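> structure, please.
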Amino acid sequence: MALPAQNLMTWAAGHSPDRLAVVGVLAVRPRRYLSEGAPLGLGPMPGLDVRVQGGSEAPLWHASTGLYGFLRLAPGPARVEVSDPSGRYLPQAINAQVPDRTAVREALQRGRTPPAGVSALFLDLGLRPALGLALPPGSSAIWGLVRRRSDGSPVPGALIGVETVRAGMADGVTTLSGPDGTYVLVLPGEVVDASVTPPVRRFDRALGVHAPRPPLAAQLATGYLGGLPPGVFALTAAQRNALYQRSNFQLRGGDGSLRPRVGGQNPLTTVSIGERVRWDIELFP
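Numbers count the residues shown, from 1 in each chain. Predicted coordinates:
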């Protein structure tokens, strides 16, 4: 049975992932980022704003799979932007090549078997926590403000990484400073060391910070999400170095105590198990 174009879109919009796969062109599944060594979380992430830059189509949300699906995007390159109006997660952008599935839709509209070989594009995107995310009791995290030491102004879009552990093995957690310069690094793998007496609950960890170079900083100042590099956490070393510069810094605790650079080395941060500890990052020029 043939289906008119509008009826086909209505049928596909019936909140079924199978239907989206049949006639859709692009589906994005945001997932909770945990660490560099841990798989992305599986739970769906409702309430996000997912859009294609320059497009007007609002995606369909499928609760059980967590998919945000597009049906009408024009084929070709597209920049997909994901943000959280409630402030739980940091915005991100990724590039995508939208497949041309015109022949599939036309065949279905005529009641014919659609051609094989051109599938919808499905993308997973790991979202980092923002300060607005309510963490479960007992979570370990460090948070604070990234600012310039010279004048105290916040630094949005800085890349931040911390060396941590997971299941006794070396791991890492990465994030960005948000539009207001704040950051949070949630450390799910950190646990009390009960092998010694008394048990150890505090650990020193190494931080790394890359500040946006002036062209990227100016771009972020005109609009944070629009200025973010696509796939910022998947940049190659060369791509990252073209946009960011490794920064020297000192740390300032929530109580105002200072950890300066010593011997040309950046200071270590301290993680306290089961606590959120504030460490502001003050960047040198």
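> wait, doesn't P188 sit right on A38?
Yes. With contact defined as C-beta atoms under 8 Å, P188 reaches A38; the gap is 7.2 Å. Where C-beta positions appear, they are placed from N, C-alpha and C, glycine not excepted.
> what's the overlap in contacts for these two?
R166 (C-beta atoms under 8 Å, 6 or more residues apart in numbering).
> quick one: stretch 224-242 to chain centroid distance?
Averaging C-alpha coordinates over stretch 224-242 and over its chain gives two centres that are 12 Å apart (C-alpha atoms, centre = their mean, to the nearest Å).
> what about that stretch, how long is it end to end?
Taking C-alpha to C-alpha, to the nearest Å, the span from the opening residue of stretch 224-242 to its closing residue is 18 Å.
> do stretch 132-141 as well
One end of stretch 132-141 sits 13 Å from the other (C-alpha to C-alpha).
> off-centre distance for it?
Per C-alpha atoms, centre = their mean, the centroid offset for stretch 132-141 relative to its chain is 17 Å.
> would you mark the buried spots in it?
When burial is assessed from 16 or more other C-beta atoms under 10 Å, stretch 132-141 yields the following buried residues: 133, 139-141.
> show me what that stretch is in contact with.
Residues outside stretch 132-141 that contact it (C-beta under 8 Å, 6+ apart) are 84, 86-89, 129, 184-188, 190, 271-277.
> can you turn the buried part of the residues you listed into a PyMOL selection?
In PyMOL syntax, the buried subset of the contacts of stretch 132-141 is picked out as below (16+ other C-beta under 10 Å):
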select buried, resi 84+88+89+129+184+185+186+187+188+190+271+273+277
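> looking at the contacts of stretch 132-141, which are in strands?
Secondary structure of the contacts of stretch 132-141 is defined by DSSP state E; positions in strands are 184-186, 271-272, 276-277.
> return the distance of the host helix or strand of V146 from the chain's centre.
Element membership of V146, judged by DSSP states H and E, is strand 141-148. Averaging C-alpha positions (C-alpha atoms, centre = their mean) puts strand 141-148 17 Å from its chain's average.
> and what of stretch 244-262?
In terms of C-alpha atoms, centre = their mean, the centre of stretch 244-262 is found 24 Å from the chain centre.
> with only the CA atoms kept, save that stretch in CSV.
What follows is the C-alpha trace of stretch 244-262 in CSV, where atoms were taken according to Å, rounded to 0.1, in the frame of the first residue of the first chain:
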residue,chain,number,x,y,z
TYR,A,244,44.3,25.1,22.5
GLN,A,245,47.5,25.8,24.3
ARG,A,246,48.8,23.8,27.4
SER,A,247,48.5,26.1,30.4
ASN,A,248,50.5,26.5,33.6
PHE,A,249,48.4,27.2,36.6
GLN,A,250,48.1,27.4,40.4
LEU,A,251,45.2,26.0,42.5
ARG,A,252,43.2,27.8,45.1
GLY,A,253,41.1,25.8,47.5
GLY,A,254,37.5,26.6,48.5
ASP,A,255,38.9,28.0,51.8
GLY,A,256,41.2,30.4,49.9
SER,A,257,44.4,28.3,50.5
LEU,A,258,46.9,28.5,47.6
ARG,A,259,48.8,25.7,45.9
PRO,A,260,51.5,27.4,43.8
ARG,A,261,53.7,26.0,41.1
VAL,A,262,56.8,24.5,42.6
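> break the chain into its domains for me.
When the chain is parsed into structural domains using automatic domain parsing, the resulting residue ranges are 5-127, 141-283.
> need those domains in TSV (columns: mean pLDDT).
Putting the domains of the chain into TSV (pLDDT from 0 to 100) gives the following:
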stretch	mean pLDDT
domain 5-127	81
domain 141-283	96
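> just the ones in strands among the contacts of stretch 132-141 now: which is nearest G253?
G253 has its nearest neighbour among the ones in strands among the contacts of stretch 132-141 in V277, at 7.9 Å by C-beta to C-beta.
> who's in contact with the closest one?
Each residue near V277 by C-beta under 8 Å, 6+ apart is listed here: 141-143, 253-254, 269-271.
> one more time with 7 Å, if that's ok
Counting by C-beta atoms under 7 Å, 6 or more residues apart in numbering, V277 touches 142, 270-271.
> OK, contacts around M45?
With contacts taken as C-beta under 7 Å, 6+ apart, M45 has the following neighbours: 30-32, 66, 127.
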